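The sequence and its predicted three-dimensional model are supplied below.
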Amino acid sequence: MNSLTATRRQFLYGSAAVALCGVPALTRAADSVEAPLKGKLRKSLKIGMIQAKGTLTDKFRAAKEAGFEGVELNAPGFDVAEVKKAIDETGLIVDGSVCASHWQVRHTDPSPEVRKQALETFKQALEQTKEVGGDSVLLVVGHGNDGTFEECWKRSIDNISQTVELAEKLKVAIVIENVWNHFLYDHEGDSNQTADLFVKYVDEFKSPWVGMQFDIGNHWKYGNTGEWIESLGKRILKLDVKGFSRAQNKFTKIGEGDLDWLGVRKGLLKIGYQGWVAAEVGGGGPDRLLEISQNMDRVFGLA
């Protein structure tokens with residue numbers, strides 16, 4: 001184990017220990033899904049999924065009543081005072097945020113001015129997330145259509161690297177999401193691809209404050225999700241979850257489709273993951289939020 005991996009492991013365990021005080025330590029070499037994930041995962045969701053009527057406090061309360069402990073906001077751009085009020089009145093935690101403009105204003109853009117804007121916006125996202133108690137900002141690093149593979153790699157690494165010192169100072173992690181952005185995998189490829197390029201990309205930053213918010217559903221189309229989890233290991237700082245059907249080539253509700261949930265649970269146990277898992281599916285009102293929460297309980301064995 002190199003020093004970076006060790007530090008990232010300490011960061012992950014340390015964060016989880018604060019969030020999950022009293023939870024027994026994981027079996028590090030669990031070879032079976034018999035070791036439960038119950039008590040090791042905390043359920044979160046994206047703010048846009050909460051379609052309950054009323055104030056932000058009402059929305060937070062609806063998520064809390066559905067069984068969620070946390071929520072991810074879009075940053076920058078929210079009202080800090082309003083968010084703090086909703087937290088205080090409901091007990092729902094803002095565990096992190098999603099960079100609000102990363103698809104439109106990209107770190108891989110050929111224009112230096114656009115990349116400068118992406119840098120400043122991401123710094124603002126880190127700072128605003130810290131103000132409401134969040135400890136991560138999800139980032140789509142760019143798009144493969146912005147240039148050659150080498151150009152997109154260099155531009156994004158150079159740009160995002162300028163935020164690592166701030167992330168460390170704020171203690172807010174930069175969590176890279178694996179998405180359909182034509183980068184670090186072959187979009188036209190088969191379902192036997194590996195996570196090797198993601199591993200190399202994250203390690204390029206040489207910081208425990210840069211990791212993955214690994215989306216369990218996004219790359220079932222391209223590779224074995226359980227194997228990807230094992231390959232990424234302690235680089236996974238948080239999780240996103242949705243379903244996917246290879247047979248129908250479409251995203252599904254959590255638990256529907258043909259995603260290998262047994263392999264997912266086994267992979268999470270093998271890497272000793274504990275922490276947040278955020279739903280990223282179509283939302284709705286209280287009934288739909290409860291359905292999503294129960295679907296998460298079922299696929300992860302949390303009920």
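Sure, I can see it.

Okay, strands next: where are they in the chain?
41-45, 70-75, 93-99, 136-139, 173-177, 210-215, 236-241, 243-245, 250-252, 275-279 (DSSP state E).

Reformat those as TSV; add mean pLDDT, distance to residue 145 and mean neighbour count.
In this view, the C-beta of every residue, glycine as well, is placed from N, C-alpha and C. Listed next are these as TSV, based on pLDDT from 0 to 100; distance: least, Cβ to Cβ, whole Å; neighbours: other Cβ atoms under 10 Å:
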stretch	mean pLDDT	distance to residue 145	mean neighbour count
strand 41-45	98	30	24
strand 70-75	98	24	24
strand 93-99	98	19	25
strand 136-139	98	18	28
strand 173-177	98	17	26
strand 210-215	98	20	26
strand 236-241	98	23	26
strand 243-245	97	22	20
strand 250-252	97	21	15
strand 275-279	98	27	24
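
closest to residue 125 out of those strands?
Residue 125 lies closest to strand 70-75 among these, at 4.1 Å (Cβ to Cβ).

What is the closest one packed up against?
strand 41-45, strand 93-99, helix 112-131, strand 275-279 (3 or more Cβ pairs under 8 Å, 6 or more residues apart in numbering; DSSP states H and E).

dump the residue contacts of residue 285.
Counting by Cβ atoms under 8 Å, 6 or more residues apart in numbering, residue 285 touches 51-53, 62.

Now render those residues as JSON lines, adding pLDDT and neighbour count.
Shown next, in JSON lines, are the contacts of residue 285 (pLDDT from 0 to 100; neighbours: other Cβ atoms under 10 Å):
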{"residue": "51", "pLDDT": "97", "neighbour count": "14"}
{"residue": "52", "pLDDT": "94", "neighbour count": "19"}
{"residue": "53", "pLDDT": "93", "neighbour count": "9"}
{"residue": "62", "pLDDT": "98", "neighbour count": "22"}
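
a markdown table for the residues you listed, including distance to residue 169?
A markdown table is the format used below for the contacts of residue 285 (distance: Cβ to Cβ, whole Å):
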| residue | distance to residue 169 |
| --- | --- |
| 51 | 36 |
| 52 | 36 |
| 53 | 39 |
| 62 | 34 |
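
now, among those residues, which is nearest to residue 222?
residue 51 (30.6 Å).

Got phi/psi on the closest one?
Recorded main-chain torsions at residue 51 are phi -110, psi 20, according to degrees, to the nearest 10.

Any figure for the gap between it and residue 216?
23 Å (Cβ to Cβ, to the nearest Å).

quick one on the thing from earlier: make a markdown table from the helices and strands packed on strand 70-75 and add distance to residue 190 to it.
Listed next are the helices and strands packed on strand 70-75 as a markdown table, based on distance: least, Cβ to Cβ, whole Å:
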| stretch | distance to residue 190 |
| --- | --- |
| strand 41-45 | 30 |
| strand 93-99 | 29 |
| helix 112-131 | 32 |
| strand 275-279 | 27 |
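
Isn't residue 65 up against residue 286?
Yes: using Cβ atoms under 8 Å, residue 65 makes contact with residue 286 at a distance of 6.9 Å.

Name the residues linked to the residue nearest the centre of the chain by a beta bridge.
Per Cα atoms, centre = their mean, the C-alpha nearest to the average position across the chain is that of residue 213, at 2.8 Å. Bridge pairing for residue 213 (DSSP bridges) gives the partners residue 177, residue 238.

which residues touch it?
By Cβ under 8 Å, 6+ apart, the contact list for residue 213 reads 136, 138, 175-177, 236-240, 278.

what's the farthest-apart pair in these?
176 and 278 (14.4 Å).

about what we covered before: okay if I get the contacts of residue 213 as CSV plus distance to residue 57?
Formatted as CSV, the contacts of residue 213 follow (distance: Cβ to Cβ, whole Å):
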residue, distance to residue 57
136, 23
138, 24
175, 27
176, 31
177, 28
236, 32
237, 28
238, 25
239, 27
240, 25
278, 20
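
Residue 195: which of these is nearest?
residue 236 (10.1 Å).

The closest one reaches residue 212, doesn't it?
Yes: contact criterion Cβ under 8 Å: residue 236 and residue 212 qualify, at 5.0 Å.
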